[in-house]
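[1] have a look at this prediction, sequence included:
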Amino acid sequence: MLLVFIRILRAASGRRLWLAVMLAVVFGLPWPAQTAHIASGSAGAARALWAVEMGAEIETFSAHESAVTSVAVSPSGRLIASGARDGSVQIGSVVGGFFRRLPGHTGSVHALAFVSGGQAVAVAAEDGSISVWDTPTGRQRVRIQAEGGAFTSAAFEPIGRYALTGAADGAVTLWDLQAATEAQIFIGPQAGVTSLAFGPGGERFAAGYDDGTVVVWSLKRRIEPVRFQVHREKVTALDFSPDGRWLLSASADDTLVLIDLKTNRPGGPLRGHAGDVTDAAFSPDGRTILSSSADGTIVLWGVERRQEIHRTTLSGGPVSSVAFHPGGQEAVFGLQNGQITRVCVATSCG
């Protein structure tokens, strides 16, 4: 008799149960109507079989031997890329796990992104390296080794032409990835650069610093950068809204701030975490925000009312990074224990 082990997660209590059932009856297995999530476990992963509620963990699998520092989902929604503190980089399927490791980085991965419509993955690490890899084949397209020392932060333009890297002395470098050369240097506050983000269309970028300052620079016009003092501690994440109207800033002071770039006025802090806000991102439609924290919580916020919509504590512990699925119903979270978790962030997920 062939047995299949099935993990059941009740959304209300979070309690996990394991059942062993005959393979012949798996597809006709009855279950009470109040069930929120039923999943089958395989090779360290848990896969959803039908709709789950907001906040439910759809799938969790081990990806790295050290803390995950960056995650990204491809524009097609089919692939995940992740980087870790030990320099390892993985590419895999959104459903099922990782199948390719990208070599060549020895320092913590600061930024990782799908570029060129998902046909390439760009990586920047603490060791001063920038690389671009072909997604289908795993072949390295570009390799840059900076001479000025370690990077403290990085970001990539979605088109894949430019990269930004930050340094401990406050300098931000713009790199031309096609020419594999340094294009421009921006000198900001005399504080370490802790976060970077490109705006929509690549016309401007934002830099966050370890003194809590955020600076917005124009890449197309010769105008003075705009400076905001919005946090009491270092900036841990930045993200522009899809329409470019808002800039989201997260910090180690446990707060998030929305800056109105039309009026250049920051709003009041959003408070909802009891630990450092480790990452934050706008949804694809710009109507909601996801934030993650070292306290293990993830919070979904409404942009219009600046209110918390939903809160979940992930079973894997402290969360270090977040990326929305392009469809907006799910998100992928990187955990400090090396795991990747997919979570439903809509009313229900099929």
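    Okay, I see it.

[2] what stretches of the stretch 51-200 of the chain score poorly on pLDDT?
    Along the stretch 51-200 of the chain, segments meeting pLDDT under 70 span 51.

[3] can you rerun that using 50?
    Applying pLDDT under 50 to the stretch 51-200 of the chain flags no residue at all.

[4] from residue 134, how far off is residue 88?
    Going from residue 88 to residue 134 by CB to CB, to the nearest Å gives 18 Å. Glycine gets a C-beta too; all of them are placed from N, C-alpha and C.

[5] the more surrounded of the two?
    Between residue 88 and residue 134, residue 88 has the larger neighbour count (other CB atoms under 10 Å), namely 20 against 13.

[6] look at the residue nearest to the more buried one when sequence neighbours are not counted and give its secondary structure.
    In space, residue 88 comes closest to residue 64 once its chain neighbours are excluded; the distance is 5.4 Å by CB to CB, 6 or more residues apart in numbering. The three-state assignment at residue 64 reads coil, by DSSP: H, G, I helix; E, B strand; the rest coil.

[7] which residues touch residue 64?
    Neighbouring residues of residue 64 by CB atoms under 8 Å, 6 or more residues apart in numbering: 82, 84, 86, 88, 90, 338.

[8] again, only this time at 6 Å
    If a contact means CB atoms under 6 Å, 6 or more residues apart in numbering, then residue 64 has 84, 88, 338 as its contacts.

[9] so how far is residue 334 from it?
    Distance from residue 64 to residue 334, by CB to CB: 8 Å.

[10] ditto for residue 201
    Distance of residue 201 to residue 334, computed by CB to CB: 27 Å.

[11] those two: which has the busier surroundings?
    Per other CB under 10 Å, whichever of residue 201 and residue 334 has more neighbours is residue 334, with 31 against 13.

[12] doesn't that one lie inside a helix?
    No - assessed with three-state DSSP, residue 334 is strand; it does not lie in a helix.

[13] report the beta-bridge partner residues of it.
    Note on residue 334: beta-bridge partners by DSSP bridges are residue 321, residue 340.

[14] check the contact between residue 144 and residue 130; I expect there is one.
    Yes - judged on CB atoms under 6 Å, residue 144 makes contact with residue 130 at a distance of 4.2 Å.

[15] by contact count, what packs against the helix or strand where residue 258 lies?
    Using DSSP states H and E, the element containing residue 258 is strand 255-260. Applying 3 or more CB pairs under 6 Å, 6 or more residues apart in numbering; DSSP states H and E, we find strand 255-260 packed against strand 246-251.

[16] how far is the strand it packs on from where the chain is centred?
    Taking CA atoms, centre = their mean, to the nearest Å, one finds strand 246-251 lying 14 Å from the centre of the chain it belongs to.

[17] and the average pLDDT for that strand is what?
    Here strand 246-251 scores 98 as its mean pLDDT.

[18] please enumerate residues in contact with that strand?
    So strand 246-251 is contacted by 206, 214, 230-231, 233, 235-240, 256-259, 261, 277, 280 (CB under 6 Å, 6+ apart).

[19] now that strand against strand 255-260, angle please.
    160 degrees (axes from the mean of the first three to the mean of the last three CA atoms, to 10 degrees).

[20] give me the sheet partners of strand 246-251 and which way each runs.
    Going by DSSP bridges, the partners of strand 246-251 are strand 235-240 (antiparallel), strand 255-260 (antiparallel).

[21] average pLDDT for the last one, rounded please.
    The reference is to strand 255-260. Across strand 255-260, the average pLDDT comes to 97.

[22] which parts of that strand are buried?
    255, 256, 257, 258, 259 (16 or more other CB atoms under 10 Å).

[23] neighbouring strands of the helix or strand hosting residue 114 in the sheet, and parallel or not?
    Assigned by DSSP H and E, residue 114 falls within strand 109-115. Applying DSSP bridges, strand 109-115 is found paired with strand 120-125 (antiparallel).

[24] what comes into contact with the partner strand?
    Against strand 120-125 from outside (CB under 6 Å, 6+ apart): 81, 87, 89, 105, 107, 109-115, 130-135, 151, 154, 156, 160, 165.

[25] so how far is it off the chain centroid?
    Worked out by CA atoms, centre = their mean, strand 120-125 lies 14 Å from the chain centre.

[26] and for stretch 194-205?
    15 Å.

[27] quick one: contacts of that stretch?
    Under the criterion CB under 6 Å, 6+ apart, residues 153, 155, 157, 164, 166, 206-208, 210, 217-220, 234-235, 237-240, 244 lie in contact with stretch 194-205.

[28] quick one, which of those residues are buried?
    Buried, going by 16+ other CB under 10 Å: 153, 155, 157, 164, 166, 206-208, 210, 217, 219, 234-235, 237-240, out of those.

[29] buried ones in stretch 293-302?
    Residues of stretch 293-302 classed as buried by neighbour count (16+ other CB under 10 Å): 293, 294, 295, 296, 297, 298, 299, 300, 301.

[30] check contacts around the last one.
    Put plainly, it is residue 301. 289, 308.

[31] average pLDDT across the helix or strand harbouring it?
    For residue 301, the host element (DSSP H and E) is strand 297-302. Averaged across strand 297-302, pLDDT comes to 95.
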